[in-house]
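> Here is a sequence together with a model predicted from it:
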Amino acid sequence: MKRQMMTAVAVCALAFAAGCASTPKTKARASGPEQTASTTTPAPAATGIKADYPITAEGATAFVADAETQWAATSEYVARIQWARATNITFDTMWLESKANAEATELQVRMANQAARFNAVQVDPVVRRKLDLLRLGLVLPAPNRPGAADELAQLTTRLDSTYSTGKFDFKGRKITLDEASLILADSRDPEETKALYEGWRTISPVMRDDYARMVEIANEGSRELGFADTGALWRSGYDMPADDFAAETDRLWAQVKPFYENLHCYVRARLNARYGDAVQPDHGPIRADLLGNMWSQQWGNIYDVVAPASGGASSYDLTQLLKAADYDATKMVRTGEGFYVSLGLDPLPQTFWERSQITRPLDREVVCHASAWDLDNADDIRIKMCTNVNGDDFYTVHHELGHNYYQRAYKNQPMLFRNGANDGFHEAIGDFVGLSALTPTYLNQIGLLKTTPGAEEDIPFLLKMALDKIAFLPFGLMVDRWRWDVFSGQTAPAAYNAAWTADMLQYQGLIPPGPRPANAFDPGAKYHVPGNTPYTRYFLAAIYQFQFQRAACKQAGWTGPLHRCSVYGNKEVGARFNAMLQMGQSRPWQEAMKAFTGDDGNDASAIADYFAPLNVWLEQQNRGHQCGWSAA
């Protein structure tokens with residue numbers, strides 16, 4: 001169903017609230033990070049935040065109040081400049097965005113360091129939560145010494161630019177990641193996929209020294225804020241001690257790993273049948289380049305290779321249904337809005353329709369990567385897409401509007417609480433709605449399908465979903481596992497690539513198509529590493545969406561298979577759903593989870609419930625095969 005899928009993220013300067021939110025799953029052609037101009041011009045000093053708040057409870061309260069006021073003004077200012085650049089890319093808009101981002105970053109550094117001064121002060125719990133959020137708002141904190149912030153900015157700009165401008169030689173010409181990803185998705189020639197896989201990774205060895213220096217500086221800044229290292233800073237944003245959060249992700253992975261191993265075993269056998277023992281043996285790890293994705297994180301592009309031997313075709317094609325029903329881009333978005341309105345939520349404001357970029361303009365360069373925006377921390381919500389009438393964008397529309405409805409739901413919270421319960425929640429909201437949007441039940445409800453297919457189409461539907469949803473889980477976990485070890489010093493620069501390859505094997509059961517060169521820095525070939533975007537949020541979102549789905553369908557009284565459930569039109573579900581959204585980040589995420597699902601915490605068993613028929617089928621298909629792989 002979904003084609004050319006990969007993980008990317010839009011670049012947003014604002015960590016606390018406002019600005020853009022982006023789906024991690026998008027088409028290869030739109031996968032590159034957004035470009036910004038860089039400048040070394042010192043940003044003007046941020047105003048409104050004094051340096052001499054008394055280190056008392058009263059001083060902390062006054063500081064937080066001033067910080068919220070200043071951040072509300074700054075975030076709207078920066079968001080509007082970011083929007084102007086993203087929807088009209090010129091030298092001047094890039095210059096303006098770079099300058100505005102620098103000013104916002106300077107303010108965030110000052111506020112984070114100010115907040116850290118109150119670490120030992122007994123304050124009101126609400127004030128304490130806001131202080132903690134201020135300390136946690138920086139992904140890469142610069143230490144408070146002359147020249148550190150400038151050096152860190154130069155390193156991160158250079159890393160991002162190296163990735164963004166990366167090209168490599170392929171069959172006599174230079175190609176980009178987008179071009180390579182499209183070829184890789186369709187190629188069934190192992191020599192060609194190997195050349196593409198290895199070719200893209202030639203752009204990253206030059207990053208290693210810059211990355212190592214960046215880690216040193218960020219760790220220094222993190223320690224000044226009271227954290228052991230930058231990985232501990234990242235893990236501390238989940239309302240539990242950093243080590244407890246790491247253990248929690250281990251527990252979640254243990255819940256889903258058996259199903260992943262069944263999928264891995266089945267896919268490996270089909271690849272072996274296609275390519276033979278010399279290319280892909282029927283035991284051990286899978287050769288990573290054969291899975292249709294540059295990072296082997298989603299496998300939906302090779303459905304034609306691994307489809308059931310019989311009955312693998314669907315009786316409908318969503319893209320064709322949309323075109324037959326005369327959908328255009330605006331009707332796609334109206335349909336997505338209709339899902340949320342059917343739950344009892346208000347329609348989108350008129351300004352959404354007046355100010356959003358729904359289709360690609362013909363008169364200027366724009367960023368087409370799909371993203372959702374909240375420009376004023378209130379009602380000026382928008383999406384930015386270059387929408388095409390196809391099944392991929394039908395899903396994406398429902399996902400992006402999830403960000404917008406979340407943003408509007410928490411608009412009445414204090415400024416520092418206008419965000420998702422944690423970063424995984426913001427991604428999971430639209431993915432949860434997307435689970436309904438992809439069901440034939442929903443397509444029938446909105447008139448795109450005359451009748452819903454029978455149970456004979458369940459396995460093809462679930463297999464396609466698993467190739468994207470389940471295959472992603474170990475990758476969603478391993479990216480930050482690698483970084484946590486780097487930040488802690490457990491993995492030294494000389495071992496960067498060996499550790500990455502070892503994590504691929506341990507978590508994904510994958511190996512590169514051939515030996516890696518001594519200077520390889522394969523982590524740098526994944527944007528979120530040089531782009532410094534924490535990745536565990538996507539692992540969590542992949543869990544949460546099914547937890548939300550199971551709870552919502554139970555509330556709706558659904559008694560059929562979970563994968564066929566659509567909550568479209570159920571206002572009781574919508575009321576409880578919106579109550580969770582309205583909480584924003586005001587309370588620990590565990591309370592937000594309970595408000596909607598009734599669960600006290602994370603529970604990946606919902607994935608097993610959703611895919612139960614497929615797991616039984618996979619076990620039958622895997623009889624006689626040696627499943628698993630050695631992580632040694």
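Now that the structure is in, tell me what you want to look at. Residues are numbered from 1 along each chain as shown.
> Now do the strands in the stretch 351-500 of the chain.
371-374, 381-384 (DSSP state E, counting those that start in this stretch).
> Among these, show the one with the smallest mean pLDDT.
The weakest mean pLDDT among these belongs to strand 371-374, with a mean of 93.
> what helices or strands is it leaning on?
Packing partners of strand 371-374 (3 or more Cβ pairs under 8 Å, 6 or more residues apart in numbering; DSSP states H and E): strand 19-21, helix 57-86, strand 381-384, helix 391-409. All C-beta spots, glycine's among them, are computed from the backbone N, C-alpha and C.
> Dump those to CSV, plus distance to residue 532.
Shown next, in CSV, are these (distance: least, Cβ to Cβ, whole Å):
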stretch, distance to residue 532
strand 19-21, 16
helix 57-86, 17
strand 381-384, 22
helix 391-409, 21
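> any idea which of the ones you listed is most buried?
Counting by mean count of other Cβ atoms under 10 Å, strand 19-21 has the highest mean neighbour count of the helices and strands packed on strand 371-374, with a mean of 27.
> rewinding a little: go through the helices and strands packed on strand 371-374 and find the least confident stretch.
Ranked by mean pLDDT, these end with strand 19-21 at the bottom, a mean of 59.
> give the contact list for the residue lying closest to residue 234 once chain neighbours are set aside.
Nearest non-adjacent residue to residue 234, counting by Cβ to Cβ, 6 or more residues apart in numbering: residue 534, 5.2 Å away. Counting by Cβ atoms under 8 Å, 6 or more residues apart in numbering, residue 534 touches 139, 234, 423, 480, 528.
> The last one: neighbouring residues, count only.
Using other Cβ atoms under 10 Å, residue 528 is surrounded by 21 other residues.
> Assign it to helix, strand or coil.
coil (DSSP: H, G, I helix; E, B strand; the rest coil).
> how far away is it from residue 98?
Look at residue 528 and residue 98: by Cβ to Cβ, to the nearest Å, they are 21 Å apart.
> same deal with the fourth one?
For residue 480, the distance to residue 98 (Cβ to Cβ) stands at 27 Å.
> ok, now the first one?
Going from residue 139 to residue 98 by Cβ to Cβ gives 17 Å.
> So if I had to pick from those two, which one is more boxed in?
A count of neighbours by other Cβ under 10 Å puts residue 98 above the other of residue 139 and residue 98, at 22 against 17.
> For that one, what are phi and psi?
Phi and psi for residue 98, reported as degrees, to the nearest 10, are phi -60, psi -40.
> hmm, back to that, so which of the helices and strands packed on strand 371-374 comes closest to residue 270?
Set against residue 270 and scored by Cβ to Cβ, those come closest in helix 391-409, at 23.5 Å.
> What residues sit buried inside the longest helix along the chain?
Looking across the chain with DSSP state H, the single longest helix is helix 242-275. By neighbour count on 16 or more other Cβ atoms under 10 Å, the buried set for helix 242-275 is 242, 245-246, 248-249, 252-253, 255-257, 259-272, 274-275.
> repeat for stretch 593-609
Buried residues in stretch 593-609 (16+ other Cβ under 10 Å): 593, 595, 596, 597, 599, 602, 603, 604, 605, 606, 607.
> check which helix or strand covers the second one.
Remark: residue 595 resides in helix 589-597, with elements defined by DSSP states H and E.
> could you say what helices and strands that helix packs with?
helix 536-555, helix 571-582.
> And for residue 167, the neighbour number?
Neighbours around residue 167, by other Cβ under 10 Å: 16.
> residues in contact with it?
Contact partners of residue 167, counting by Cβ under 8 Å, 6+ apart, are 174, 175, 176, 203.
> just those now: which is nearest residue 405?
Within those, proximity to residue 405 (Cβ to Cβ) peaks at residue 176, which comes in at 34.3 Å.
> tell me the two of the buried residues of stretch 593-609 that are most distant?
Spanning the widest gap among the buried residues of stretch 593-609 are 595 and 607, at 21.3 Å by Cβ to Cβ.
> How about residue 382: which residues does it bridge to?
When assigned by DSSP bridges, residue 382 has beta-bridge partners residue 373.
> Where do the helices of the stretch 401-550 of the chain begin and end?
Counting by DSSP state H, counting those that start in this stretch, the stretch 401-550 of the chain has helices at residues 423-437, 440-445, 458-488, 496-503, 536-555.
> Please convert these to a markdown table, extending it with mean pLDDT and mean neighbour count.
Formatted as a markdown table, those follow (pLDDT from 0 to 100; neighbours: other Cβ atoms under 10 Å):
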| stretch | mean pLDDT | mean neighbour count |
| --- | --- | --- |
| helix 423-437 | 93 | 25 |
| helix 440-445 | 95 | 19 |
| helix 458-488 | 96 | 22 |
| helix 496-503 | 98 | 20 |
| helix 536-555 | 96 | 24 |
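> Nearest to residue 230 among those would be which one?
The closest of those to residue 230 is helix 458-488. By Cβ to Cβ, the value is 4.5 Å.
> by how many degrees do that closest one and helix 536-555 diverge?
Compare the direction of helix 458-488 with that of helix 536-555 by axes from the mean of the first three to the mean of the last three Cα atoms, to 10 degrees and you get 140 degrees.
> and helix 458-488, what does it pack onto?
Against helix 458-488 (3+ Cβ pairs under 8 Å, 6+ apart) you get strand 5-7, helix 208-224, helix 230-235, helix 242-275, helix 303-306, helix 496-503, helix 536-555, helix 612-621.
> Return the distance of the residue nearest to residue 234 relative to residue 237.
Distance, residue 534 to residue 237, by Cβ to Cβ: 8 Å.
> between those two, what contacts are shared?
residue 423.
> Span of stretch 346-357 from start to end?
21 Å (Cα to Cα, to the nearest Å).
> dump the residue contacts of the residue lying closest to residue 370 once chain neighbours are set aside.
Excluding the flanking residues, the one nearest residue 370 by Cβ to Cβ, 6+ apart is residue 385, at 4.6 Å. Contacts of residue 385 were listed using Cβ under 8 Å, 6+ apart, and they are 329, 357, 358, 359, 368, 370, 371, 393, 396, 397, 400.
> What's the local residue count around the fourth one?
Neighbourhood size, residue 359 [other Cβ under 10 Å]: 15.
> quick one, phi/psi of it?
The phi/psi pair for residue 359 (degrees, to the nearest 10) reads phi -130, psi 160.
> what about the residue lying closest to it once chain neighbours are set aside, neighbour count?
Spatial nearest neighbour of residue 359, chain neighbours left out: residue 329 (4.8 Å); criterion: Cβ to Cβ, 6+ apart. Residue 329 has 17 neighbours, counted by other Cβ under 10 Å.
> Okay, buried residues for stretch 216-223 please.
So stretch 216-223, judged by 16+ other Cβ under 10 Å, has buried residues 217, 218, 219, 220, 221, 222, 223.
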